[in-house]
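Undergrad: model this:
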Amino acid sequence: MALYIGVMSGTSLDGLDIALIEQSPAIKLVATHYIPMPSSLRAELLSLCASGPDEIARSAIAQQHWVQLAAEGIRALLRQQQLQALDIRAIGSHGQTVRHEPSRGFTIQIGNPALLTELTGITVVSDFRSRDVAAGGQGAPLVPAFHEALFEQRSGNRAVLNVGGFSNLSLIETAKPVAGFDCGPGNVLLDAWIQLQRGESFDRGGQWAASGQVDPLLLKTLLSDSFFATRGPKSTGREVFNLPWLQQQLAQHQSITAEDVQATLLELTAQTIVESLQSAQDSTQELLVCGGGAHNTALMQRLATLLPATQVNSTAIYGVDPDWVEAMAFAWLAHCCLEGIAGNRPSVTGARGPRILGAIYPT
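TA: Purely as a prediction, here's the structure:
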């Protein structure tokens, strides 16, 4: 039995998810801790997703603040569980993605793992995506391998859908390698629009979207982006889908109400997920949803409507809390790295072969 901690800070930038797992060899979630992202750090990290003045120095300073926040959360989790640093084999730290451009041969997650090791006294494994990109892959999504480890024992065609800032699918079929790819925007545009219009960080339960009507012409414009015409392996990020991108599309549709825009954005998320699933997997029996999107009632209902022959459920139905799947995944990837187990899946990322992912910063 070994204990690992996973630290995940996603594209929503709402905070850090910290998960403690037991690997023995089954994967068990032991404890969790969430620490909100300070507004000043969130704003700086968002600004680093685009080119700007003095960005190298700003990035170096921002990642120090990010690591201090992560270390604070890890220490709190250890206190809650009455554990010492020596009880933890490793921390799997995803870091914060500020650029993801595999077509140009790079992906950047900041998070200063050397400092995290110093502040916690625990071995840190980080930089999980770079090796896959170096091997010709997309570097994302990486969670399908973890989804496979969690759910492969169940027979039939099933898919795991993670809806964070962006949505990605893992396709799990009996006697086949797991497949997967990014579908497109998950919550990123929904969050950006409600923040701009109402000053709220997210649309709780999708209630605001549910109060509006889908605009077919705007939806058609949004769906015309070239990303949606491509097939996996593929990944995307804020470099493609962001508030300026949305505002550019809206310039052609200026008479639409704000709530109708939100309704249309939710439909965009739902339709691109469903189209991606149906084009990649026949007869999906069950769609298991994790990430923040699992709590968006309007989105879950829309997915169920668009997929009448598929059971749409939260991963909670199998005892896996949807809020902690990604943090658990990076704890598990730290385990894989230390054990010399490949953490990528070429069928997902398009890499030239299986690769051990992560760089190790020992205590």
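Undergrad: Might you report the residue contacts of the residue lying closest to L115 once chain neighbours are set aside?
TA: Excluding its sequence neighbours, the residue lying closest to L115 (C-beta to C-beta, 6 or more residues apart in numbering) is V67, at 4.7 Å. In short, each C-beta sits where N, CA and C put it, glycine included. Taking C-beta atoms under 8 Å, 6 or more residues apart in numbering as the criterion, V67 is in contact with G111, N112, L115, L116, L119.
Undergrad: who wins for most neighbours among these?
TA: Tallying neighbours with other C-beta atoms under 10 Å puts L116 at the head of those, with 25 neighbours.
Undergrad: Which helix or strand contains that residue?
TA: helix 113-120 (DSSP states H and E).
Undergrad: And V125, by the same measure?
TA: strand 124-126.
Undergrad: tell me what that strand is packed against?
TA: Packed against strand 124-126 by the contact rule (3 or more C-beta pairs under 8 Å, 6 or more residues apart in numbering; DSSP states H and E) you find strand 90-93, helix 113-120, helix 325-339, strand 359-361.
Undergrad: any chance of those in JSON lines, plus distance to G206 and mean pLDDT?
TA: As requested, the helices and strands packed on strand 124-126 are exported to JSON lines (distance: least, C-beta to C-beta, whole Å; pLDDT from 0 to 100):
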{"stretch": "strand 90-93", "distance to G206": "31", "mean pLDDT": "98"}
{"stretch": "helix 113-120", "distance to G206": "35", "mean pLDDT": "98"}
{"stretch": "helix 325-339", "distance to G206": "20", "mean pLDDT": "97"}
{"stretch": "strand 359-361", "distance to G206": "39", "mean pLDDT": "98"}
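Undergrad: I'd like to know which of those lies nearest to Q153.
TA: Closest approach to Q153 among the helices and strands packed on strand 124-126 (C-beta to C-beta): helix 325-339, 15.7 Å.
Undergrad: so after the closest one, what's the next helix or strand?
TA: For helix 325-339, the following helix or strand on the C-terminal side (DSSP H and E) is helix 346-349.
Undergrad: Output the contacting helices and strands for that following helix.
TA: Judged by 3+ C-beta pairs under 8 Å, 6+ apart, helix 346-349 is in contact with strand 179-185.
Undergrad: Which residues does the strand it packs on contact?
TA: 138, 140-141, 143-144, 147, 165-171, 227-228, 231-236, 241, 265, 268-269, 272-273, 276, 280-281, 345, 347-348.
Undergrad: out of those, which are inside helices?
TA: Mapping the contacts of strand 179-185 onto helices (DSSP state H) picks out V143, P144, H147, L265, L268, T269, T272, I273, S276, A280, S347, V348.
Undergrad: Chain neighbours aside, what residue packs nearest to the first one?
TA: With C-beta to C-beta, 6+ apart as the measure, A329 is the residue that lies nearest to V143, at 4.6 Å, once sequence neighbours are left out.
Undergrad: and the strand holding V125, which strands flank it?
TA: Next to strand 124-126 in the sheet, as set by DSSP bridges, lie strand 90-93 (parallel), strand 359-361 (antiparallel).
Undergrad: For S59, find the nearest of those strands.
TA: When those are compared (using C-beta to C-beta), the closest one is strand 90-93, at 16.2 Å.
Undergrad: And the helix or strand following that closest one, what does it pack against?
TA: Later in the chain than strand 90-93, the nearest helix or strand by DSSP H and E is strand 96-101. If contacts are counted by 3+ C-beta pairs under 8 Å, 6+ apart, strand 96-101 sits against helix 55-81, strand 106-110.
Undergrad: Just want the angle from strand 96-101 to helix 55-81.
TA: For strand 96-101 against helix 55-81, the angle by axes from the mean of the first three to the mean of the last three C-alpha atoms, to 10 degrees is 130 degrees.
Undergrad: thinking again about what came up before, redo the contacts of V67 as TSV? Include distance to S255.
TA: Compiled in TSV, those are given as follows (distance: C-beta to C-beta, whole Å):
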residue	distance to S255
G111	44
N112	47
L115	51
L116	50
L119	53
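Undergrad: of the residues you listed, closest to W245?
TA: In terms of C-beta to C-beta, no member of the contacts of V67 lies closer to W245 than G111, at 26.0 Å.
Undergrad: can you pull the contacts of that closest one?
TA: For G111, the contacting residues are S9, Q63, W66, V67, A70, S93, H94, G95, Q96, S126, by C-beta under 8 Å, 6+ apart.
Undergrad: Between those residues, identify the one with the most neighbours.
TA: So for the contacts of G111 (other C-beta under 10 Å), the most neighbours sit at S93, 34 neighbours.
Undergrad: does that residue really touch L116, like I thought?
TA: Yes: contact criterion C-beta atoms under 8 Å: S93 and L116 qualify, at 5.9 Å.
Undergrad: can you pull the contacts of the residue nearest to V143?
TA: Counting by C-beta under 8 Å, 6+ apart, A329 has contacts G6, M8, L142, V143, F146, H147.
Undergrad: Tell me which stretches of the stretch 151-300 of the chain form strands.
TA: Secondary structure of the stretch 151-300 of the chain (DSSP state E, counting those that start in this stretch): strands located at 158-163, 166-172, 179-185, 286-290.
Undergrad: What pairs with the third one, parallel or antiparallel?
TA: For strand 179-185, the pairing partners within the sheet under DSSP bridges are strand 166-172 (antiparallel).
Undergrad: ok so, going back, who wins for most neighbours among the contacts of A329?
TA: Neighbour tally across the contacts of A329 (other C-beta under 10 Å): the maximum, 30 neighbours, falls on G6.
Undergrad: Pull up the gap between that one and I108, please.
TA: Distance, G6 to I108, by C-beta to C-beta, to the nearest Å: 20 Å.
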